[in-house]
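**Q** Give the three-dimensional model of this entry:
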Amino acid sequence: SDHNAWPKLIASPSNTTTTAAYKNTNEANREFENELQEIKEKYEQEQKRIEQKYKSSH
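**A** As a prediction, the model looks like this:
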């Protein structure tokens with residue numbers, strides 16, 4: 001096969017691009033973790049509410 005037929009891949013992106021990408025990923029992860037934590041807390045509250053309702057009706 002002809003190796004020259006394919007454009008050469010850039011070995012590594014510039015540091016600024018990489019840093020920005022990591023920063024964005026970290027921020028997105030933090031937001032996701034915060035949302036997940038809120039969902040867990042709401043779920044636990046709802047579970048407790050259901051348990052109380054069940055206990056009081058039996």
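
**Q** Report the rounded mean pLDDT for the host helix or strand of residue 52.
**A** Take DSSP states H and E as the rule and residue 52 turns out to sit in helix 15-57. Within the predicted structure, the mean pLDDT of helix 15-57 is 93.

**Q** what's the spacing between it and its chain's center?
**A** Relative to the chain's own centre, helix 15-57 is displaced by 9 Å; criterion: C-alpha atoms, centre = their mean, to the nearest Å.

**Q** Repeat that for stretch 48-58.
**A** With C-alpha atoms, centre = their mean as the basis, the distance from the averaged C-alpha position of stretch 48-58 to the chain average is 34 Å.

**Q** separation between residue 23 and residue 34?
**A** Applying C-beta to C-beta, to the nearest Å, one obtains 17 Å for the distance of residue 23 from residue 34. Every residue, glycine included, has its C-beta placed from N, CA and C.

**Q** ah, wrong one, I meant residue 21
**A** Between residue 21 and residue 34 the distance, using C-beta to C-beta, works out to 21 Å.

**Q** can you check residue 16 too?
**A** According to C-beta to C-beta, residue 16 and residue 34 sit 27 Å apart.

**Q** ditto for residue 24
**A** As for residue 24, its distance to residue 34 is 16 Å (criterion: C-beta to C-beta).

**Q** Mind giving me the packing neighbours of the helix holding residue 52?
**A** Of the remaining helices and strands, none touches helix 15-57 by 3 or more C-beta pairs under 8 Å, 6 or more residues apart in numbering; DSSP states H and E.
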